[in-house]
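J.: structure for the following, please:
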Amino acid sequence: MKIAVTGSIATDHLMRFPGRFAEQFLADQLHKVSLSFLVDDLVLRRGGVAANIAFGMAQLGLRPVLLGAVGEDFADFRSWLERHGVDCDSVHVSEIAHTARFVCTTDLDMCQIASFYAGAMSEARNIELAPVAERLGGLDLVLVSANDPDAMIRHSAECRDRGFSFAADPSQQLARMDGDDVVKLIDGADYLMTNDYEKSLLESKTGLTDAQILDRVKIRVTTLGKHGAEITGRGMERIHVPIAREIQAADPTGVGDGFRAGFFTAISWGLGLERAAQVGSLLATLVLETVGTQEYEVRPDVFVKRLAESYGDAAANDVRSCLLL
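T.: Just a heads-up that it's a prediction; the model follows:
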């Protein structure tokens, strides 16, 4: 299956605060918050939504095509991704801007405060999907993940115009987009990906009910944090998948990207929606257990064993035949 993953490519600056953010905010002073947190450590990691998803897919044996805009400082990052099986030949390199930066602080409760600098990402609106499809001999699926909002809308429109199946994954960019633009993004999508908060925000911004949104998309996947994931769609029974068992949580950054990587890899294997969500949940757990969004490794035998522990032998057997090829 030929999959193009569009979205942000960034460097992550990850810090840890040895307290709780909730204890630092005063209810009657929220209108003039001015806080500085002394953190225990700082690590620099490779990240960005599209890069994280593509890395996860490659860990599961696919060769996804990464599509986004970066600066000339991307050389080492490119080498890393290519060594791990990601096709970077269609990445746009800016001549004037640096690769995007994500700066995030996590507290003891795994709550996060973060900022994102777009940098070269603003040039993603200039990327066209047609040359990628021509180079690959077609595209089976395009993931339209968090990116420059104009780029996201352009990619969705091109998918509709050229008949490419696509997944709309607005993520944190919902905060920047108005209702009309959100509708342009999701209209005609084969999959709509959000977490539970984003689901409510999307409905509020568009003024559409859940049923009306399902008139515009085929499958709606909603991640629910510790409560797992829910899948709904036209003419189908609701599917709920609990989270996979974890060993020890380390950092939640990129967990949603891991879920998407696993989910769409399993779809590419021809597995059903429930199995896809199970694979996504386990890959998300591997991310959760690691500091950094691309620092984990999928060992097929261990992955299948942990899948059995979380979801049973039938799930493990279905995935074994795909993952251990």
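J.: pull the distance from stretch 89-98 to the chain's centre.
T.: 21 Å (Cα atoms, centre = their mean, to the nearest Å).
J.: err, stretch 274-294, not the other one
T.: Its chain's C-alpha centre and that of stretch 274-294 lie 11 Å apart, by Cα atoms, centre = their mean.
J.: that stretch - what's its average pLDDT?
T.: Averaged across stretch 274-294, pLDDT comes to 95.
J.: CA-only coordinates of it in PDB, if you can.
T.: Written as PDB, here are the backbone C-alpha positions of stretch 274-294 (Å, rounded to 0.1, in the frame of the first residue of the first chain):
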ATOM      1  CA  GLU A 274     -10.800  -3.300  15.600                       C
ATOM      2  CA  ARG A 275      -7.400  -4.900  14.900                       C
ATOM      3  CA  ALA A 276      -6.100  -1.600  13.500                       C
ATOM      4  CA  ALA A 277      -7.000   0.200  16.700                       C
ATOM      5  CA  GLN A 278      -5.400  -2.500  18.700                       C
ATOM      6  CA  VAL A 279      -2.100  -2.300  16.800                       C
ATOM      7  CA  GLY A 280      -2.300   1.500  17.100                       C
ATOM      8  CA  SER A 281      -2.900   1.300  20.800                       C
ATOM      9  CA  LEU A 282       0.100  -0.900  21.400                       C
ATOM     10  CA  LEU A 283       2.400   1.300  19.200                       C
ATOM     11  CA  ALA A 284       1.100   4.300  21.200                       C
ATOM     12  CA  THR A 285       2.100   2.500  24.400                       C
ATOM     13  CA  LEU A 286       5.600   2.000  23.100                       C
ATOM     14  CA  VAL A 287       5.900   5.700  22.500                       C
ATOM     15  CA  LEU A 288       4.500   6.400  26.000                       C
ATOM     16  CA  GLU A 289       7.200   4.200  27.500                       C
ATOM     17  CA  THR A 290      10.000   6.100  25.800                       C
ATOM     18  CA  VAL A 291      11.300   9.700  26.100                       C
ATOM     19  CA  GLY A 292      11.200  11.100  22.600                       C
ATOM     20  CA  THR A 293       8.800  10.300  19.800                       C
ATOM     21  CA  GLN A 294      11.200   8.300  17.600                       C
END
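J.: neighbours of residue 210, just the number please.
T.: Using other Cβ atoms under 10 Å, residue 210 has 13 other residues around it. No exception for glycine: its C-beta is placed from N, CA and C like everyone else's.
J.: return the set of buried residues in the helix or strand hosting residue 322.
T.: Assigned by DSSP states H and E, residue 322 belongs to helix 313-323. By 16 or more other Cβ atoms under 10 Å, the buried positions in helix 313-323 come out as 315-316, 318-320, 322-323.
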